[in-house]
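> here is a sequence together with a model predicted from it:
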Amino acid sequence: MTKSEWLDVARTVLASRSMDIIEESELAPSGKVTYQFSAKGHELAQVILANYLRQGHDAATVYYRSRPFVLAAGMTFEEGFAGPLALAGSRNGGRDIGVVHHLPNRQGVTVLPASGDVGAQYTPCVGWAQAITYRAGVLQEQAWSGAIAVALGGDGSTATNGFWAALNIATTQKLPMIFFIEDNGYGISVPGVFQTPGGNIAANLAAFGGLRIVECDGTNPDEADRLISKTVDHVRSGKGPALLRVIVPRICGHSGADNQSYKTPKERESEAGRDPVARLKEFILRKKYLDTKGWDAFVADVEGQVRSACTAALAQPEPVPADALPHAFYDGKKPHHGGLMADSVAVPPSTGEKREEGPRVNLIEAVKRTLDHELSANPRVLVFGEDVGVKGGVHGATVDLQVKHGKDRVFDTSLSEEGIIGRAVGMAMAGLVPVPEIQFRKYLDPATEQVNDCGTLRWRTNGDFAAPMVVRIPVGFSKRTGDPWHSVSGEAVFAHTIGWRVAMPSNAQDAVGLLRTALREHDPTFFLEHRAIQDTAPGRGVYPGDDYTVPFGVGTVVQPGSRATVVTWGEMVHRAKSAVESIGGDVEIIDLRTIVPWDKALVLASVQRTGRCMVLHEDTITAGFGAEIAAIVGKEAFQWLDAPVERVAPPDVPIPYNKGMMEAVIPTIEQVAQRLTALITF
Ligand SMILES: Cc1ncc(C[n+]2csc(CCOP(=O)(O)OP(=O)(O)O)c2C)c(N)n1
């Protein structure tokens, strides 16, 4: 680094230190800052790292102790204060604790939205790294060539699922990514030996394939600069991922509330003796970049700037309370990063036209053809998951797509659902359209953290970032059998997951239209493919063509009737039809098609005419989505109801394997018919 670069580093390091001191001694004690996380001891290494991330498409996922890095990436001091103060000028507008950072590209590196969850930063970073290789290598975008992704985390975070998921992906795929582990020896109060044997992750990973391992003293300017820059060069030159263990002291409590009683006085004294600020001063003087007087003046100047920024932040207004509501979903604000919209990529034009004649296809074929067409129409679409590549998926929905579109666009992944969804988040933020497949609904469980963080991402960043994707998941019982692992539908959990849209088609035509819409719009979407209708006559339909789209939030009247309204979706649509037929018809059946958003207006208008409503679903009854519909109908259609709203759904047990037992749990045609008769004669 040049003299001026070192002075820049010093300026940011000193500013971060000064900010921490002001927060610790003034803003936290006076109750103005509730979440206070100092970076004292970590500053130097982070700022040196940021200095080497200026490529333009470099990105970093950070954590709560990363403020020095984010300042070096271009966050102003005032923004840095306004975050923890929860004021209007903070990066998230007061929505999130200021230490959960994100910052659109200002100085060559994008700070991807952090999570409060330790370890959640790793797999999105891997996704960005894979997007770099895709955009540079396959899309031939020169600007992405040589970019890298870095995940910053503490030693405690190396014990998380996310760390290992990301490590496997980055090393097997040789991705341009650095695991930047700031080892301060503790995770809150827990020593590093609880996180990895002997407390040294670098030593334990020495034999890990495809990973460059580097260890450095993060308080030593010469050494940190040399080893960090070397590691960045290694990864930038395409030689694969690296793990950099940066040894630093934590010269502060874990957070403002922590008195560090678990450290001995001697230990604390030794940590204070390794202060990078003191070492940086010694370095700057030794290099003669400043003399002692010059250094003192430099420090005073930085502290003055920080104090002014603090005063300015404190003068900011409180956020407008109603501003908490926008951006849970795409609402017209173009994000800086994420999806097709951020890059102003035009969505392929679609007439929405429906072909009425042609071969009938089953649900699987419908999905496959739609993916095939969208892969052809949009080079940013990528399809991946376990067994999705060569085999074509365990359900066959991606057969031959790899042959046709290549291994970069249709590929197998490691067996890690957190890896699959987290990687998709990073890819989506880098402008791609990820279409991950999860083999069965139950097997999404390991990805819950990434699912939740993806859903809130647009809101948390005040609309600055987005991660639209379409997650395809086969759900429900199959035509042969059920069981607790492969037959979960669980759409109610998704409906309760902030920021996700949910589609559950009952037939091949709707599957085509909804999948295409999801792939061309701007929100993360669960696309649920019912196993029982993957290949059955009721699920088949004429392939509606490559232009056909179905809007979200628009249900359909499967058959009109006047005696009652049955609201349902997925496979239950077909059981409802048979049940209604068996009791002489004249019952209106509504197929919602999408659960989020759901077509309230259609349901209320129907109930207004029929005066009776049954909600029928396959997900278990308690807090199932039927409860939501019943509550709305009970309130908004109260004056038209001639009977209580009926819910027909499985009791709160898993789906059994034995077919007879399964039919005792999932609503049967007979049961639906019986309950409908009771509803009509109430
Ligand atoms: C998934 C998850 N579990 C627990 C926590 C609570 N928590 C916050 S920080 C922390 C310790 C992390 O330590 P480390 O990764 O070493 O980072 P350091 O704070 O030492 O920089 C814990 C347990 C959390 N935020 N997320």
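Yep, that arrived. Numbering: from 1, shown residues only.
> contacts, neighbours, all on C-alpha from now
Will do.
> who are the contact partners of residue 436?
Shown in contact with residue 436 (C-alpha atoms under 8 Å, 6 or more residues apart in numbering): 383-385, 420-421, 424, 469-472.
> now for these: which two are most distant?
Largest separation among the contacts of residue 436 by C-alpha to C-alpha: 385 and 469, giving 13.3 Å.
> out of the two, which sits in the more crowded spot?
Counted by other C-alpha atoms under 10 Å, residue 385 and residue 469 do not tie: residue 469 has more neighbours, with 31 against 26.
> how near is the more buried one to residue 504?
Computed as C-alpha to C-alpha, to the nearest Å, the residue 469 to residue 504 distance reads 16 Å.
> what residues does the helix or strand bottoming out on mean pLDDT in the chain touch?
Sorting the helices and strands of the chain by mean pLDDT, DSSP states H and E puts helix 339-342 at the bottom, at a mean of 90. Applying C-alpha under 8 Å, 6+ apart, the contact partners of helix 339-342 are 334-336, 346-347, 428-433, 466-468, 522.
> so which elements touch the helix or strand just after it?
Next along the chain after helix 339-342, taking DSSP states H and E as the criterion, comes strand 360-361. Packing contacts for strand 360-361, counted by 3 or more C-alpha pairs under 8 Å, 6 or more residues apart in numbering; DSSP states H and E, involve strand 541-542.
> and this protein, what are its domains?
With automatic domain parsing as the criterion, the domains of the chain are listed as 3-317, 339-542, 556-680.
> can you list the residues of the stretch 201-350 of the chain near the ligand?
residue 254 (C-alpha under 6 Å from any ligand atom).
> in the stretch 201-350 of the chain, which spans are strands?
Listed in chain order, the strands found in the stretch 201-350 of the chain under DSSP state E, counting those that start in this stretch are 212-217, 242-247.
> can you give me the buried ones in the first one?
In terms of neighbour count (16 or more other C-alpha atoms under 10 Å), strand 212-217 has its buried residues at 212-217.
> quick one: it to chain centroid distance?
Relative to its chain's centre, strand 212-217 lies at 29 Å (C-alpha atoms, centre = their mean, to the nearest Å).
> and that strand, which strands flank it?
Each strand paired with strand 212-217, and its direction, by DSSP bridges: strand 242-247 (parallel).
> report how many residues lie close to residue 282.
If you count neighbours by other C-alpha under 10 Å, residue 282 ends up with 14.
> what parts of this protein come near the ligand?
Taking C-alpha under 6 Å from any ligand atom as the contact definition, the chain meets the ligand at 65, 116-118, 153-157, 184, 186-188, 254.
> which among the residues you listed count as buried?
For the residues of the chain next to the ligand, a neighbour count by 16+ other C-alpha under 10 Å gives the buried set as 65, 118, 153-157, 184, 186-187, 254.
> residues in contact with the one residue in the stretch 251-400 of the chain that gets nearest to the ligand?
Nearest to the ligand, among the residues of the stretch 251-400 of the chain, is residue 254, at 5.7 Å (C-alpha to the nearest ligand atom). Counting by C-alpha under 8 Å, 6+ apart, residue 254 touches 37-38, 187-189, 260.
> which one of those is nearest residue 517?
Residue 517 lies nearest to residue 37 out of the contacts of residue 254, by C-alpha to C-alpha, at 42.6 Å.
> skipping adjacent residues, who's closest to the closest one in space?
Excluding the flanking residues, the one nearest residue 37 by C-alpha to C-alpha, 6 or more residues apart in numbering is residue 255, at 4.6 Å.
> might you report the residue contacts of that neighbour?
35-38.
> now the helices: where do they sit in the stretch 51-200 of the chain?
Assigned by DSSP state H, counting those that start in this stretch, the stretch 51-200 of the chain shows helices spanning 67-72, 77-85, 122-133, 161-172.
> any chance of those in CSV, plus mean neighbour count and distance to residue 95?
Converted to CSV, these look like this (neighbours: other C-alpha atoms under 10 Å; distance: least, C-alpha to C-alpha, whole Å):
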stretch, mean neighbour count, distance to residue 95
helix 67-72, 26, 18
helix 77-85, 25, 9
helix 122-133, 31, 21
helix 161-172, 22, 25
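> for residue 413, which of these is the nearest?
helix 161-172 (8.0 Å).
> show residues contacting that closest one.
By C-alpha under 8 Å, 6+ apart, the surrounding residues in contact with helix 161-172 are 119-123, 126, 157-158, 175-177, 209-211, 240-241, 413-414, 416, 418-419.
> one more pass at 7 Å, please.
119-120, 122-123, 126, 157, 177, 209-211, 241, 414, 416, 418-419 (C-alpha atoms under 7 Å, 6 or more residues apart in numbering).
> OK, contacts around the residue nearest the centre of the chain?
For the chain, residue 454 is the residue whose C-alpha lies nearest the centre (C-alpha atoms, centre = their mean; 2.3 Å). For residue 454, the contacting residues are 425, 467, by C-alpha under 7 Å, 6+ apart.
> now the angle from the strand or helix carrying it to helix 122-133?
Using DSSP H and E, the element containing residue 454 is helix 448-460. Using axes from the mean of the first three to the mean of the last three C-alpha atoms, to 10 degrees, the direction of helix 448-460 lies 70 degrees away from that of helix 122-133.
> how far off centre is helix 448-460?
Helix 448-460 sits 4 Å away from the centroid of its parent chain (C-alpha atoms, centre = their mean).
> next: stretch 275-283.
The mean C-alpha position of stretch 275-283 is separated from the chain mean by 38 Å, C-alpha atoms, centre = their mean.
> thinking again about what came up before, TSV for the strands of the stretch 201-350 of the chain, including distance to residue 591?
Listed next are the strands of the stretch 201-350 of the chain as TSV, based on distance: least, C-alpha to C-alpha, whole Å:
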stretch	distance to residue 591
strand 212-217	54
strand 242-247	51
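> let me have these in JSON lines, extended by distance to residue 662 and mean pLDDT.
Below are the strands of the stretch 201-350 of the chain laid out as JSON lines (distance: least, C-alpha to C-alpha, whole Å; pLDDT from 0 to 100):
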{"stretch": "strand 212-217", "distance to residue 662": "52", "mean pLDDT": "98"}
{"stretch": "strand 242-247", "distance to residue 662": "49", "mean pLDDT": "98"}
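> now do the nearest residue to residue 352 once chain neighbours are set aside, the pLDDT please.
Among residues not flanking residue 352 along the chain, residue 548 sits closest, at 4.4 Å (C-alpha to C-alpha, 6+ apart). At residue 548, the model reports a pLDDT of 96.
> for the ligand, see how far away residue 548 is.
Counting by C-alpha to the nearest ligand atom, to the nearest Å, the gap from residue 548 to the ligand is 42 Å.
> residues contacting residue 469?
Residues touching residue 469, when contacts are defined by C-alpha under 7 Å, 6+ apart, comprise 428, 433-435, 523-525.
> from these, which land in helices?
residue 428 (DSSP state H).
> give me the buried entries from the contacts of residue 469.
428, 433-435, 523-525.
> what is the neighbour count of the closest residue to the ligand within the stretch 301-450 of the chain?
Here the stretch 301-450 of the chain gets closest to the ligand at one residue, residue 449, 8.4 Å apart by C-alpha to the nearest ligand atom. Neighbourhood size, residue 449 [other C-alpha under 10 Å]: 17.
> so can I have CSV of the buried ones among the contacts of residue 469 showing pLDDT?
CSV is the format used below for these (pLDDT from 0 to 100):
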residue, pLDDT
428, 98
433, 98
434, 98
435, 98
523, 98
524, 98
525, 98
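> narrow those to those in strands?
433-435, 525 (DSSP state E).
> using JSON lines, lay out these together with distance to residue 18.
Putting those into JSON lines (distance: C-alpha to C-alpha, whole Å) gives the following:
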{"residue": "433", "distance to residue 18": "42"}
{"residue": "434", "distance to residue 18": "42"}
{"residue": "435", "distance to residue 18": "45"}
{"residue": "525", "distance to residue 18": "44"}
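> for the residue of the stretch 551-682 of the chain found nearest the ligand, give me the pLDDT.
The ligand sits closest to residue 623 of the stretch 551-682 of the chain, with a gap of 26.0 Å, by C-alpha to the nearest ligand atom. The per-residue pLDDT reported for residue 623 equals 98.
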